[in-house]
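[1] The following comprises the amino acid sequence and a computationally predicted model.
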Amino acid sequence: MEIDGDACPIDASLEEFTAAIRAYLERLRPAIVITHGTDGEYGHPQHRFTHQAVREAIRALAPWQPTEFVTWMAHAPELGDDRLSNQSDPATFRLDVGPWFEQKVAAAHCHRSQHAMFLRNSKQPTVRDTVRGIEYLRSWAPADYLEPMAETWAVPTTTAVRTDW
């Protein structure tokens, strides 16, 4: 959440937030978990905190775990220096969201408290201009997401196009 473009403080401990997420994962047992990327997309502290809590919750689920852990807004070389991507999360696949573009724009417009941050970090004139028709994602190997967070990650050599969703 933001007030006038500044992020508000996080009001839960990592342990509390992780426990709440873990309870949902245990109840739902999803095959795929999709969440924020390591860098919080555009540096949003709650997004980074959520990424860390989701990873911690998955690690605590042993012996059951989802079959796939995915983060959105991953970084792809063709994006260049895009400030609205997780620079630390190299993309492993991309998804054409063109058929759902208007829904994605509408969802971005629902996050009014974050518009100042969207525009400041993207250097775009409107929220609509910050929304992409291609989403770059990272599918994490269990060895990466089950280990404690590291500073850097191995960069894949290619970005695949997912067609199985």
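    Okay, I see it. Only a predicted model underlies this, so the values are computations on that prediction, with no experimental measurement involved.

[2] so where's the protein shaky on pLDDT?
    Applying pLDDT under 70 to the chain flags residues 1-8, 149-165.

[3] which residues sit against the lengthiest strand in it?
    Scanning the chain for the strand with the most residues, using DSSP state E, yields strand 134-140. Contact with strand 134-140 is made by 34, 37, 68-76, 79, 85-86, 89-98, 159, 162, as judged by Cβ atoms under 8 Å, 6 or more residues apart in numbering. For glycine as for every other residue, the C-beta is placed from the backbone atoms N, C-alpha and C.

[4] let's go with 6 Å and repeat that
    With Cβ atoms under 6 Å, 6 or more residues apart in numbering as the test, strand 134-140 has contacts from 68-72, 74, 76, 89, 91-97.

[5] could you check the distance from G133 over to K123?
    19 Å (Cβ to Cβ, to the nearest Å).

[6] Please apply the same query to G37.
    G37 is 20 Å from K123, by Cβ to Cβ.
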